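**Q** sequence plus predicted model, see below.
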Amino acid sequence: MRRAALYLRVSTNEQTTENQERELRAVASRMGCEVTKVYSDQGISGAKGRDKRPQFDALCRDATQRRFDIVMAWSVDRLGRSLQDLIGFLSELHALRIDLYLHQQRLDSTTPSGRAMFQMMGVFAEFERAMIAERVRAGLARARANGTRLGRPRLSAETEAAIREASGSVRQIAVQFKVGIGTVARLRA
């Protein structure tokens, strides 16, 4: 029986990986695979590198030890949004003779067409990420042009004075006034 590792990821803490896991377990069962481990990154963007996604990093480390025969993920964008990183990950898996299955794309990397499709999906994931970033920048520029002040609201002069005069550690003062540690440090410098 082939050993399968599931990789699940959601970008925000309000989302859940339960649907991904349920469906991938069903597919693994139909493919005759035993799920040996589930790696799940909660609230982490796919644009983050391996070093910022602890479970993805653990998956890659376990792959080098050949703890599974196939990696199964919901879709290519769950693995990442950088084409370079995706291709590197696929190359690493193939060098280790570990297969990749992507459920939404019905992609199986054991075939030449599957490898080609994986690379194309990576291009589209990276393009989508760039388009999202461009829309955010355009929205911020429009807000600035309309006179909207961006960033956190300013503290009142009274609150700033109270923070400067408060006694205790920076952390205690931050908690007392419900502000960030950096705000307290800036005002007390």
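**A** Received, thanks. Numbers count the residues shown, from 1 in each chain.

**Q** span of stretch 8-22 from start to end?
**A** 11 Å (Cα to Cα, to the nearest Å).

**Q** show me the contact partners of that stretch.
**A** With contacts defined as Cβ atoms under 8 Å, 6 or more residues apart in numbering, stretch 8-22 is touched by 6, 24, 38-46, 53, 55-56, 73-74, 78-79. Backbone N, C-alpha and C define where each C-beta goes, glycine included.

**Q** redo that, cut-off 6 Å
**A** S40, D41, G43, S45, W74, R78 (Cβ atoms under 6 Å, 6 or more residues apart in numbering).

**Q** from these, pick the one nearest R66.
**A** Proximity of these to R66 (Cβ to Cβ) peaks at S40, which lies at 21.2 Å.

**Q** how close does the residue nearest to the closest one when sequence neighbours are not counted get to Q15?
**A** The shortest distance from S40 to any non-neighbouring residue, by Cβ to Cβ, 6 or more residues apart in numbering, is to L8 (4.3 Å). For L8, the distance to Q15 (Cβ to Cβ, to the nearest Å) stands at 10 Å.

**Q** for the two, indicate the residue with more neighbours.
**A** Shown here are L8 and Q15; by other Cβ atoms under 10 Å, L8 has more neighbours (21 against 13).

**Q** quick one: the strands in this protein?
**A** With DSSP state E as the criterion, the chain has strands at 2-9, 33-41, 70-73, 99-102, 107-108.

**Q** what does the average pLDDT come to for the last one?
**A** So the one you mean is strand 107-108. For strand 107-108, the mean pLDDT works out to 81.

**Q** which elements pack onto it?
**A** Strand 107-108 sits against helix 112-145, with contacts defined as 3 or more Cβ pairs under 6 Å, 6 or more residues apart in numbering; DSSP states H and E.

**Q** ok, now the second one?
**A** In this structure, strand 33-41 makes packing contacts with strand 2-9, helix 54-64, judged by 3+ Cβ pairs under 6 Å, 6+ apart.

**Q** now with 10 Å?
**A** Packing partners of strand 33-41 (3 or more Cβ pairs under 10 Å, 6 or more residues apart in numbering; DSSP states H and E): strand 2-9, helix 18-30, helix 54-64, strand 70-73.

**Q** what about A133, how many neighbours?
**A** By other Cβ under 10 Å, the burial measure for A133, its neighbour count, is 11.

**Q** ok, now which ones touch it?
**A** Applying Cβ atoms under 10 Å, 6 or more residues apart in numbering to A133 gives the contacts A47.

**Q** what's the separation between it and A47?
**A** A133 sits 9 Å away from A47, going by Cβ to Cβ.

**Q** also R78?
**A** 12 Å.

**Q** ok, these two, which is more surrounded?
**A** Just comparing R78 and A47: by other Cβ under 10 Å the higher neighbour count belongs to R78, 22 against 17.

**Q** winner for burial among the helices and strands packed on strand 33-41?
**A** Among these, strand 70-73 has the highest mean neighbour count (mean count of other Cβ atoms under 10 Å), at a mean of 24.

**Q** I'm done for today, thanks for sticking with me.
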